[in-house]
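# just a sequence and a predicted model for now, questions to come.
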Amino acid sequence: MKVLFIARHDLFSYAGGDTTQIVSTAKYLEKLGVQVTIKLSTEKIDYSPYHLIHYFNIIDPEDILGHIFKSKKPYVVSTIYVDYSEYDRVARKDLLGFVSKFIAKNRIEYLKTTAKFLLKGEKVSTLLFFLYGHKNSIRYILKNASALLPNSHNEYKRIVNDFGIDKPYFVITNAIDAELFKSSKEYIRNEQLVLCAARIEGNKNQLNLIKAINQTPYQLWLVGKTSTNQKRYVSSCKKLANQQTTFLAPVTQNELVALYAQAKVHVLPSWFETTGLSSLEAAAMGCNIVVADKGDVREYFGDLAYYCSPDNPQSILNAIQQAMQSATNEVLRQKVLTDYTWEKTAQQTYQAYKAILKND
């Protein structure tokens, strides 16, 4: 079986959780005998050798639409349906944030794409995107897919609710590298250390996390790249932080192991997450985890995480305090190491491919 992965144009230059998902899924699919080729949406592609095309990120339909028209191949979509609308509307402080209070979220996304196309010269897979619009482009992609591959049942329900498209779907869970992220006794865990491993940007909500930590006994380590598109937000975070907060340079996955091993609590107070790979990794490493009660996280963590409201620093602090005062959640650690591995994700994906190609 030959499968073509098509991903956003900046998959590697602006790496995120989807980068890890795509590369790791491809690695373990290869071990199952699937030949996987990864291409960026802006590349010229010969589609003919492939039995199936696998697209990622339904929130970027401009990267997908043209390839559907050109390839005429059966395809699936890992939807990774992140909803930035609450952050844009409630917490964003720039012009786009102001406009978001009055314009529907799909129109906002259309404006974002148009601005990138006109002002930054970013390519789209077809100019028909501008005729279709953001929402109708997504509807077209969903309607014509052989199946959808959301990260959770809740993600699929959100898609049906927002776009009115009911398609066959297979849940493909987010995951970790179980060989890398496992509890380690090489490091001494600091009972006052809070870690947040994430790109520093508005949706990840480090600003309110810093507000929560200031004037407490805790130390906060923020590790991750700074968003090049949100320099004002990054500047606000650094200006607000006192001596309790340390900004660490981006690290490799191997180096991240040592940080997880030293922290008592990992916090990801995002305005929205389908899951959050760093939360899964931290849990596998024995951290208690704090997450915002937004998106699809409860389907993964149930009552095994500590939840907070992203708009309320006191709520974030209360959750951190509860997590700090509790013993390591061994049930959560074992659940992640057993259920949420890239090997399992590849197996789920492979079964979906076989079911689709059998029907086609």
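Cool, got the structure.
# in the longest helix along the chain, what counts as buried?
Looking across the chain with DSSP state H, the single longest helix is helix 342-359. Neighbour-count burial for helix 342-359, counted by 16 or more other Cβ atoms under 10 Å, picks out Trp342, Glu343, Lys344, Thr345, Ala346, Gln347, Gln348, Thr349, Tyr350, Ala352, Tyr353, Ile356. Yep, even glycine has a C-beta here, placed from its N, CA and C like the rest.
# contacts for it, please.
Applying Cβ atoms under 8 Å, 6 or more residues apart in numbering, the external contacts of helix 342-359 come out as 1, 3, 21, 24-25, 27-29, 31-32, 34, 51-52, 74, 76, 146-147, 149, 170-178.
# filter the residues you listed down to the buried ones.
In the contacts of helix 342-359, burial by neighbour count holds for 3, 21, 24-25, 28-29, 34, 51-52, 74, 76, 146-147, 149, 170-178, counting by 16+ other Cβ under 10 Å.
# relative to the whole chain's centre, how far out is the helix or strand Phe247 falls within?
Assigned by DSSP states H and E, Phe247 belongs to strand 245-248. The chain centroid and the centroid of strand 245-248 are separated by 22 Å, computed with Cα atoms, centre = their mean, to the nearest Å.
# same thing with stretch 81-88?
Its chain's C-alpha centre and that of stretch 81-88 lie 12 Å apart, by Cα atoms, centre = their mean.
# residue boundaries of the helices in the stretch 201-350 of the chain?
All helices of the stretch 201-350 of the chain, identified by DSSP state H, counting those that start in this stretch, fall at 206-213, 231-240, 253-262, 277-284, 297-301, 313-324, 330-339, 342-359.
# for the fourth one, list the C-alpha coordinates in PDB.
So the one you mean is helix 277-284. As requested, the backbone C-alpha atoms of helix 277-284 are provided in PDB (Å, rounded to 0.1, in the frame of the first residue of the first chain):
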ATOM      1  CA  LEU A 277       1.000  16.400  23.000                       C
ATOM      2  CA  SER A 278       3.100  17.900  25.700                       C
ATOM      3  CA  SER A 279       0.300  17.100  28.300                       C
ATOM      4  CA  LEU A 280       0.500  13.400  27.200                       C
ATOM      5  CA  GLU A 281       4.300  13.400  27.300                       C
ATOM      6  CA  ALA A 282       4.400  15.000  30.700                       C
ATOM      7  CA  ALA A 283       1.800  12.500  32.100                       C
ATOM      8  CA  ALA A 284       3.900   9.600  30.800                       C
END
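# mind giving me the packing neighbours of it?
helix 17-31, strand 190-197, helix 253-262, strand 263-268, strand 288-292, helix 297-301, helix 330-339 (3 or more Cβ pairs under 8 Å, 6 or more residues apart in numbering; DSSP states H and E).
# which one of these lies nearest to Cys237?
With Cβ to Cβ as the measure, strand 190-197 is the member of the helices and strands packed on helix 277-284 nearest Cys237 (10.8 Å).
# take the helices and strands packed on helix 277-284 and lay them out in TSV including distance to Gln206.
Formatted as TSV, those follow (distance: least, Cβ to Cβ, whole Å):
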stretch	distance to Gln206
helix 17-31	16
strand 190-197	6
helix 253-262	15
strand 263-268	9
strand 288-292	12
helix 297-301	17
helix 330-339	23
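# mean pLDDT and distance to Asn242 for the ones you listed - can I get that in JSON lines?
What follows is these, written out as JSON lines (pLDDT from 0 to 100; distance: least, Cβ to Cβ, whole Å):
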{"stretch": "helix 17-31", "mean pLDDT": "96", "distance to Asn242": "29"}
{"stretch": "strand 190-197", "mean pLDDT": "97", "distance to Asn242": "14"}
{"stretch": "helix 253-262", "mean pLDDT": "94", "distance to Asn242": "21"}
{"stretch": "strand 263-268", "mean pLDDT": "98", "distance to Asn242": "17"}
{"stretch": "strand 288-292", "mean pLDDT": "98", "distance to Asn242": "20"}
{"stretch": "helix 297-301", "mean pLDDT": "97", "distance to Asn242": "29"}
{"stretch": "helix 330-339", "mean pLDDT": "96", "distance to Asn242": "31"}
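# okay, the closest residue to Ile200 other than its chain neighbours: pLDDT?
Spatially, and ignoring its direct neighbours in sequence, Ile200 is nearest to Thr226 (4.7 Å; Cβ to Cβ, 6 or more residues apart in numbering). pLDDT for Thr226: 92.
# how many neighbours does Thr226 have?
Using other Cβ atoms under 10 Å, Thr226 has 20 other residues around it.
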